[in-house]
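[1] give me the fold of what follows.
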Amino acid sequence: MIAGLALGGATPVSQLRIEVEQLRNARGTLRLCLTADPDNFPTCVDDARAISRNVPAGQHRVTYEGLPRGTYALAVIHDENSNQKLDTFAGIPREGFGFSRNPRIGFGPPRFTAARFALDAAQGAESVRMRYML
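    Residues are numbered from 1 along each chain as shown. Down below sits the predicted model:
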């Protein structure tokens, strides 16, 4: 009886598979930032609940386990020189970047609303297409 009560109040969790596409090379790392907080997208700097990951650039697939169901947005940087930042020249990114839902890019990163997706099932998947400006 007690076990049934505990499970009844449990928060449903999901698995999210990320596929990163159109990398120009396998040098450096991919820096991923997954957040549910619109105010901290795309950097996740002040978001204690954001999940940031660094993986080798040759690893095109990343899986997040045990995520609470909800609305998220993902930002990816191809940090080719592994210096832990997005290098720019005159404000233009010199390294690759991408976002969940692959929104149109204008001046600056997209808003959370353009990149958000709902994770409302046991499994979800997102494909992120990398873009290179220089």
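[2] need the contact list for Ala114.
    By CB atoms under 8 Å, 6 or more residues apart in numbering, the residues touching Ala114 are 99, 101, 103-104. In short, each C-beta sits where N, CA and C put it, glycine included.
[3] Throw those residues into CSV and include secondary structure, thanks.
    Formatted as CSV, these follow (DSSP: H, G, I helix; E, B strand; the rest coil):
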residue, secondary structure
Phe99, strand
Arg101, coil
Pro103, coil
Arg104, coil
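[4] in PyMOL, how would I select the buried members of the residues you listed?
    Remark: buried members of those, expressed as a PyMOL selection using 16 or more other CB atoms under 10 Å:
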select buried, resi 99+103
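[5] redo the contacts of Ala114 as JSON lines? Include pLDDT and distance to Leu134.
    Supplementary listing: those in JSON lines, determined by pLDDT from 0 to 100; distance: CB to CB, whole Å:
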{"residue": "Phe99", "pLDDT": "98", "distance to Leu134": "18"}
{"residue": "Arg101", "pLDDT": "98", "distance to Leu134": "24"}
{"residue": "Pro103", "pLDDT": "98", "distance to Leu134": "20"}
{"residue": "Arg104", "pLDDT": "95", "distance to Leu134": "19"}
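[6] closest one of the contacts of Ala114 to Ala118?
    Comparing the contacts of Ala114 against Ala118 with CB to CB picks out Arg101 as the nearest, at 10.8 Å.
[7] counting neighbours, what do you get for the closest residue to the closest one other than its chain neighbours?
    Excluding its sequence neighbours, the residue lying closest to Arg101 (CB to CB, 6 or more residues apart in numbering) is Ala115, at 5.3 Å. Neighbours of Ala115 under the rule other CB atoms under 10 Å: 24.
[8] helices of this protein, start to end?
    Assigned by DSSP state H, the chain shows helices spanning 2-8, 112-115.
[9] least reliable of those going by mean pLDDT?
    Of all the helices of the chain, mean pLDDT reaches its minimum on helix 2-8 (a mean of 43).
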